[in-house]
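1. mind folding the following:
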Amino acid sequence: MKQLIKPQKLQQNDLVATVSLSGCSAGNFPARYQHGKKQFEETFGVRIVEMPNSLRTDLYDNPQLRLDDMMMAFKNPDIKAILTNIGGDETIRLLRYMTDEHFEIIRNNPKIFLGMSDTTANHFMCMKAGISSFYSPCTMFGFGENCGIVDITAQSVRKTLFSTEPIGQLPESKEYIVERVYWDDKNNTMRKRIPTDGNHFIQGNKTVRGRLIGGCMELLTMMNNTSIWPSNDEFEDAILFVETSEEMPTPETFCYFLRNLGAMGVLERINGILFGRPGGEFTADDKEAKEQWLAQYQKFDEKLLKVCKEYGRNDMPIVTNMDFGHTVPQIILPYGALTEIDPTNKTVSILENAVI
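-> As a prediction, this is how the structure comes out:
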């Protein structure tokens, strides 16, 4: 995988733009948005400004306006970072309106771009333009939790976005949040936490290195064979990171996704796989849903091992149960950053700085 252009680091009092490139939740749940905005500003000492359409509720019929906001934020020299409000399932529609000029705007104005889930498509737009972006929480998910911005997440943001030092070993949480709290309850209900035993090194005994590429499984499937999908050569020696959404795709669906990567020749080229804790949500009193989710949870590892064996990659290091994607807390993953998986010492480390 080629090395990507790194953006400038964030500093105190910098201006961060929020955008809604997929769902309109920021306009539909303004209290949740304002809570996330307030926590992000207070935790990291920056100022947030909304792009013109960031808080609109009628963007379904206006994908061009979403793209306009993204380009406006990239072109504005006063804006140092762009933070997506939430994911969804519509970002792929922006591709219809993108021209070579849009990719040139991104390339000529590299800056920190943050988001997850459906924002995977925007990350691949940035990657096609040649700049590194950051798989991270959104304004409303991760940064807008009613328990505050979790320490591991805050630490990851500071080390990744505010420092030019190598990021180093990625932290592991001892607990995570999966219980659903409805956003119209004005954050009065605290989400409960579940203990976890950290990263699972399920395969491989040799240390490998590679540059990070990946995102949400559903979006990786949706982007396949589009203009922003990388060539197989760009997966050469990369480390693939993958996670699944709150829609809770089954382990069988995950298996089909992996086999597609195998059939395309991607699995034979990459050096390792990082798998985020599978996304899923249930209400506190729905014990049956919780039990079903936890029972499914273990099967994702089984599918990874099965498909890698099918394609002759049963020696490749795989780490699962990681803190990124549709889970809280989350760590930040910089696209294109040189990363090491060490199965012997059971560590995953980013060996370089992500910003300059």
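
2. out of all of them, which strand in this structure is the longest?
-> The longest strand of the chain (DSSP state E) is strand 208-216.

3. strand partners (parallel or antiparallel) of that strand?
-> Using DSSP bridges, strand 208-216 pairs in its sheet with strand 239-243 (parallel), strand 338-342 (antiparallel).

4. tell me the buried residues in that strand?
-> Buried residues in strand 208-216, counted by 16 or more other Cβ atoms under 10 Å: 208, 210, 211, 212, 213, 214, 215, 216. No exception for glycine: its C-beta is placed from N, CA and C like everyone else's.

5. helix or strand right after it?
-> Next helix or strand after strand 208-216 toward the C-terminus (DSSP states H and E): helix 217-223.

6. which other helices and strands contact that next one?
-> helix 120-129, strand 239-243, helix 251-264 (3 or more Cβ pairs under 8 Å, 6 or more residues apart in numbering; DSSP states H and E).

7. redo the ones you listed as JSON lines? Include mean pLDDT and mean neighbour count.
-> Output for those, formatted as JSON lines (pLDDT from 0 to 100; neighbours: other Cβ atoms under 10 Å):
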{"stretch": "helix 120-129", "mean pLDDT": "98", "mean neighbour count": "25"}
{"stretch": "strand 239-243", "mean pLDDT": "98", "mean neighbour count": "25"}
{"stretch": "helix 251-264", "mean pLDDT": "96", "mean neighbour count": "17"}
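
8. relative to residue 171, which of those is closest?
-> Of all those, strand 239-243 sits nearest to residue 171, with 15.6 Å by Cβ to Cβ.

9. okay, the closest one in PDB with CA atoms only?
-> Only the C-alpha atoms of strand 239-243 are listed here, as PDB (Å, rounded to 0.1, in the frame of the first residue of the first chain):
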ATOM      1  CA  ILE A 239      -3.100  -4.700   7.500                       C
ATOM      2  CA  LEU A 240      -6.800  -4.900   7.000                       C
ATOM      3  CA  PHE A 241      -9.100  -3.600   9.800                       C
ATOM      4  CA  VAL A 242     -12.800  -4.500   9.700                       C
ATOM      5  CA  GLU A 243     -15.800  -4.100  12.000                       C
END
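
10. gap between it and the chain center?
-> The chain centroid and the centroid of strand 239-243 are separated by 10 Å under Cα atoms, centre = their mean, to the nearest Å.

11. show me where pLDDT drops low in the chain?
-> Within the chain, the stretches with pLDDT under 70 are 178-182, 184-191, 280-285, 290.

12. got the domain boundaries for it?
-> Here the domain parsing of the chain from automatic domain parsing is 15-161, 168-350.

13. deepest-packed of those, please.
-> Stretch with highest mean neighbour count among the domains of the chain: domain 15-161 (a mean of 20; mean count of other Cβ atoms under 10 Å).

14. contacts only, for residue 92.
-> With contact taken as Cβ atoms under 8 Å, 6 or more residues apart in numbering, residue 92 is in contact with 118, 121, 219, 222, 223, 226.

15. using CSV, lay out these together with distance to residue 333.
-> Compiled in CSV, the contacts of residue 92 are given as follows (distance: Cβ to Cβ, whole Å):
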residue, distance to residue 333
118, 16
121, 16
219, 15
222, 20
223, 17
226, 22
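
16. ok, the residues you listed vs residue 322, which is closest?
-> Comparing these against residue 322 with Cβ to Cβ places residue 219 closest, at 17.8 Å.

17. for the closest one, what are its contacts?
-> Residues near residue 219 by Cβ under 8 Å, 6+ apart: 91, 92, 117, 118, 120, 121.

18. now swap in residue 55 and tell me
-> 20, 26, 27, 30, 33.

19. please report how far it lies from residue 105.
-> 23 Å (Cβ to Cβ, to the nearest Å).

20. ok, residue 209 next?
-> 32 Å.

21. now do residue 258
-> Applying Cβ to Cβ, the value for residue 258 to residue 105 is 35 Å.

22. residue 90 contacts residue 61, doesn't it?
-> No. Using Cβ atoms under 8 Å, residue 90 is not in contact with residue 61; the gap is 10.7 Å.

23. what residues does the helix or strand harbouring residue 68 touch?
-> Using DSSP H and E, residue 68 sits in helix 63-75. The contact list for helix 63-75 (Cβ under 8 Å, 6+ apart) reads 17, 19-22, 51-54, 56, 59, 79, 82, 90-91, 93-94, 96-98, 102, 105-106, 109, 111, 122.

24. let's see which of those residues end up in helices.
-> Using DSSP state H, the subset of the contacts of helix 63-75 located in helices is 102, 105, 106, 122.

25. dump these into a markdown table; add distance to residue 159 as well.
-> Shown next, in a markdown table, are these (distance: Cβ to Cβ, whole Å):
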| residue | distance to residue 159 |
| --- | --- |
| 102 | 31 |
| 105 | 29 |
| 106 | 25 |
| 122 | 23 |
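
26. farthest pair in those?
-> Checking the ones in helices among the contacts of helix 63-75 with Cβ to Cβ, the most distant pair is 105 and 122, at 13.2 Å.

27. any idea how far residue 177 lies from residue 8?
-> The gap separating residue 177 from residue 8 is 32 Å, by Cβ to Cβ.

28. what of residue 139?
-> 21 Å.

29. repeat for residue 158
-> Residue 158 sits 16 Å away from residue 8, going by Cβ to Cβ.

30. for residue 353, same thing?
-> For residue 353, the distance to residue 8 equals 12 Å [Cβ to Cβ].

31. on that earlier part again, and the domains of the chain: which comes nearest residue 2?
-> When the domains of the chain are compared by Cβ to Cβ, domain 168-350 sits nearest residue 2, at 6.7 Å.

32. appreciated, that's everything.
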